[in-house]
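Undergrad: Okay, sequence plus prediction incoming.
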Amino acid sequence: MDAYQLLEQTAPMLQDVLGRIGLHQTGAPIDPASVAPHLDRWLKAQQIPEEDVGFLVMIVGGFIVQYLVRVAGAEALVSEGRPAVRLPVAAGVAREFDPYAAAAGLIRGNRELAAFLSTVGS
């Protein structure tokens, strides 16, 4: 799957997975702002074996994309062949980063998804 396909499939994949783990009504549109605290608590409660890290990076990275696009006015794009999010900072100024790399850091680190979203989205 290339970066464009990954970004296109983010919302349907999240609807399915978040529904399966009981954090969202499968088939209904996702409201990232209301799901974020539940996903944050769920993520912190997980024991994550190494073989599941990639799967969770896809889930959390996709959620970061959806959250920032819908809540913080970001733009999802492909930059240098990789998925990216561009966040407006001020008039004519934006910051850009790889949400999946950020997700990998969160999964392997403190798992503070809500704090990350609050910090990067403001």
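TA: Looks like it came in fine. Numbers count the residues shown, from 1 in each chain.
Undergrad: quick one, strands of this structure?
TA: 75-79, 82-90, 93-97 (DSSP state E).
Undergrad: just the ones you listed: most buried one?
TA: strand 82-90 (a mean of 16; mean count of other C-beta atoms under 10 Å). The way it works is simple: take the backbone N, C-alpha and C, and place the C-beta from them, glycine included.
Undergrad: Just checking: what are the partner strands of that strand?
TA: According to DSSP bridges, strand 82-90 forms sheet pairs with strand 75-79 (antiparallel), strand 93-97 (antiparallel).
Undergrad: can you list the strands of the chain in a markdown table and add mean pLDDT?
TA: Converted to a markdown table, these look like this (pLDDT from 0 to 100):
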| stretch | mean pLDDT |
| --- | --- |
| strand 75-79 | 91 |
| strand 82-90 | 90 |
| strand 93-97 | 90 |
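Undergrad: Tabulate those strands (a markdown table), appending distance to residue 108.
TA: Shown next, in a markdown table, are these (distance: least, C-beta to C-beta, whole Å):
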| stretch | distance to residue 108 |
| --- | --- |
| strand 75-79 | 23 |
| strand 82-90 | 19 |
| strand 93-97 | 16 |
